[in-house]
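Novice: only geometry, no sequence info:
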């Protein structure tokens, strides 16, 4: 039996753990039935694009030792490569679908596993629908991942917990760094999340360790304006000399243009660089205190050296669960996680129709945003904390982590 | 006997380990002679400024348990706070010196320890010179720290190894993140170091783990221009789809203005945002491939969760050595480290005149820059590697590190 697996969308620290999970579960199956059904697992390079181009790598050959697997799990980003490619509608153009079907069938693929976010689940939904309509036996199963935590039908997404742990630990260190001078100052951390503020909101977990920062937290779901932000900062500066703000990159202040047009040249520049720079310039020009903005940038999605153990274990488990769905004959399904219990924390694995996950963004609940729109409630703290628990030590060599790399 | 200690200049991950080193060595002394000479250690808030304002905290009271000390060592930035304050010349204005002398003497301070960079060593030199000239018995000892590794009279500086480990590990993760798409792309990492390129150069250590990136490394000491950079990138893009560049923030291309004046509005903005953004915009407009620039920002100096064990141990040892200098009656001296052996790696602690360390920047050796000016030689690799060895696990609580904080 042959299986194929590909990765798509933006990198996370946990996406390779899901790849390892699929592989390990398939290997376990092979060990059970080795004599009758040898299992071959094909890794597909660069997502659905690599499938179309038939760029395969044998996972059986590439992952020979338990150490290979452990290093793979701890390697950030997509070891197989990724793509940003959406399938067209089959109704308007079915040639690509015929081509993919042909490739899958001639390679005797039992199931094509696709790890990705809501764009990738669109691919799972479309491709499985096409294959079923053609009475093809090839199955397609989606495995969720995204640092944005914005997929519906599940409690949270693999990859999010590690990103949240990075954000919390990094902001904690930035708090120490920003608070050293005895002068009024503002630090602004710009965090990923164009459409949903989960990752920015998760910075509230620092409260559990007695940190009062971030003092201000703004999400795309918040009622936000530059004028209100400046008022909030002034109010905080009256109470403390260092004010730490966490701002989602997706925050779009309705009055940005007003501030922009009335502002000096420097502000115009800042505006183009993102919300962090925009707010930094406003604090500097309107309030006149020391201010620095920092983008946590790609580091928040690829810093696997401080991955959450909880996240990595779950990422592996969703991969394993995908295999059981495949063996049950499912297609067009996405693995999901539900929180069965918070204390003690326990999740259950299930599945949902890919079409109900595809292209939909799960917003951060507005009832977890405080009334004044600049903080996150304690209820959210209970939600976030279990997701960042535990550490996974990198396998070090020469003082640096070892990463898994497929030969080209 | 009373001692005072303060921290100054920019934060590092190791500066609190030096504070702990002084305190532990003084405690050890107290344990030896407890009945005759109780030892009191005063922490001074916000450097020399806090000394002038007599803002002290008792380290004996604040650091009660071995766990307190271990947490302090692992806490980034300056736990006592910092300042950016240079003493005026005593010849032009001696009132401040009289004031400081008065404060030190009335508080019966045996030695004032000052942890900092070359600005702070200027303070050590000036203050010790004044006190000696006044026949004061108060001694002043400097303890080096800087992530820039640019102090003279020593092999390397405490704080540098941890920053270098952060830079290496972060760029390694950025390599994984940047290489996922099968399209030509450029990633530019802007690294701290206004005057010297040590930290940027240290990214070459990735070679020891088989990484071919960073493919291009530029320091303030490099022969650099925007035109040459674009040629270098084009040459690299002919060989590989992802090109990773490490660029020191202190790189100042002589032709920047030419590119600026001839460029569109967008470039003007970028120019103001630093060298990374400038080069990003040039790659986008002149070469036309996917490009992203990333500032490693303050994270490179405060990410103590991945501090180098070698660095933290040495930072503690320079603190301990400072105490032995104080007890030998030294003043106006700075602790130094020399590399006694590279294989096995071993350092020896010694001292130098503060005046020879003050205000001088040690540049990265040009003989370690390759002939074409865009790479670092293997000789530098041997220099850097021992400095990033070993890990120091944070003491975790709720999935996040515990940090030491003095009560206000």
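Specialist: Sure, I can see it. Keep in mind the model is a prediction, meaning the values are calculated, not measured.
Novice: contact partners for residue A:321?
Specialist: The contact partners of residue A:321, taken as C-beta atoms under 8 Å, 6 or more residues apart in numbering or on different chains, are A:335, A:349, A:351. C-beta coordinates here come from the backbone N, C-alpha and C atoms, glycine included.
Novice: do whatever helix or strand the last one lives in and chain B meet at all?
Specialist: So the one you mean is residue A:351. Secondary structure assignment for residue A:351, by DSSP states H and E: strand A:345-353. No - Strand A:345-353 stays out of contact with chain B when judged by C-beta under 8 Å from any C-beta of the partner chain, the minimum separation being 11.3 Å.
Novice: quick check: next helix or strand after the lowest-mean-pLDDT helix or strand in chain A?
Specialist: Scoring the helices and strands of chain A by mean pLDDT, DSSP states H and E places helix A:265-272 at the bottom, with a mean of 40. Note on helix A:265-272: by DSSP H and E, the next helix or strand toward the C-terminus is helix A:275-282.
Novice: show me what that following helix is packed up against.
Specialist: With contacts taken as 3 or more C-beta pairs under 8 Å, 6 or more residues apart in numbering or on different chains; DSSP states H and E, helix A:275-282 sits against strand A:185-191, helix A:226-237, strand A:242-248, helix A:256-261, helix A:265-272, strand A:290-295.
Novice: where does residue A:41 land in three-state SS?
Specialist: In terms of secondary structure, residue A:41 is strand; the call rests on DSSP: H, G, I helix; E, B strand; the rest coil.
Novice: okay, now it: neighbour count?
Specialist: The criterion is other C-beta atoms under 10 Å in any protein chain shown. On that basis, residue A:41 has 23 neighbouring residues.
Novice: residues of the stretch 301-408 of chain A that sit close to chain B?
Specialist: For the stretch 301-408 of chain A, the residues found near chain B under the criterion C-beta under 8 Å from any C-beta are A:301-306, A:308, A:385, A:388-391, A:393, A:396-403.
Novice: any of those buried? List them.
Specialist: A:301-306, A:308, A:385, A:388-391, A:398-403 (16 or more other C-beta atoms under 10 Å in any protein chain shown).
Novice: in helices, which of the residues you listed appear?
Specialist: Under the assignment DSSP state H, those contribute A:301-302 to helices.
Novice: residue A:320 contacts residue A:22, correct?
Specialist: Yes - between residue A:320 and residue A:22 there is a contact under C-beta atoms under 8 Å: 7.2 Å.
Novice: between those two, which has more neighbouring residues?
Specialist: Legend: neighbour count by other C-beta under 10 Å for residue A:320 and residue A:22, higher for residue A:22 (27 against 19).
Novice: may I see the buried residues of stretch A:176-185?
Specialist: Within stretch A:176-185, judged by 16+ other C-beta under 10 Å, the buried ones are A:176-182, A:184-185.
Novice: same question, stretch A:369-382
Specialist: When neighbours are counted by 16+ other C-beta under 10 Å, the buried residues of stretch A:369-382 are found to be A:369, A:373-377, A:380-381.
Novice: with stretch A:309-322 instead?
Specialist: Buried residues in stretch A:309-322, counted by 16+ other C-beta under 10 Å: A:309-322.
Novice: and the most centrally placed residue in chain A, what are its phi and psi?
Specialist: Residue closest to the mean C-alpha point of chain A, counted by C-alpha atoms, centre = their mean, is residue A:147 at 1.7 Å. Residue A:147 has phi and psi values of phi -70, psi -10 when expressed as degrees, to the nearest 10.
Novice: now do the contacts for it.
Specialist: By C-beta under 8 Å, 6+ apart, the residues touching residue A:147 are A:10, A:12, A:157, A:159-160, A:162-163, A:192, A:199, A:300-301.
Novice: look up how far chain B lies from it.
Specialist: 11 Å (C-beta to the nearest C-beta, to the nearest Å).
Novice: element containing the closest residue to that residue other than its chain neighbours, please.
Specialist: Of all residues beyond its chain neighbours, the one nearest residue A:147 is residue A:163 (3.7 Å), with distances taken as C-beta to C-beta, 6 or more residues apart in numbering or on different chains. With elements taken from DSSP H and E, the one containing residue A:163 is helix A:160-178.
Novice: following element in sequence after the host helix or strand of residue A:105, please.
Specialist: For residue A:105, the element it lies in under DSSP H and E is helix A:95-106. Heading C-terminal from helix A:95-106, the first helix or strand you meet, by DSSP H and E, is strand A:109-116.
Novice: before we move on, back to that, quick one: which of the helices and strands packed on helix A:275-282 is nearest residue B:248?
Specialist: Comparing the helices and strands packed on helix A:275-282 against residue B:248 with C-beta to C-beta, the closest turns out to be strand A:290-295 (18.3 Å).
Novice: next, count neighbours for the residue nearest to residue A:332 when sequence neighbours are not counted.
Specialist: Here the nearest residue to residue A:332 in space, its sequence neighbours aside, is residue A:128; by C-beta to C-beta, 6+ apart that works out to 3.3 Å. Under the neighbour criterion other C-beta under 10 Å, residue A:128 is assigned a count of 25.
Novice: now do residue A:348
Specialist: What residue A:348 shows, counting by other C-beta under 10 Å, is a neighbour count of 12.
Novice: hmm, it is touching residue A:337, no?
Specialist: Yes - under the criterion of C-beta under 8 Å, residue A:348 lies in contact with residue A:337, with a separation of 7.3 Å.
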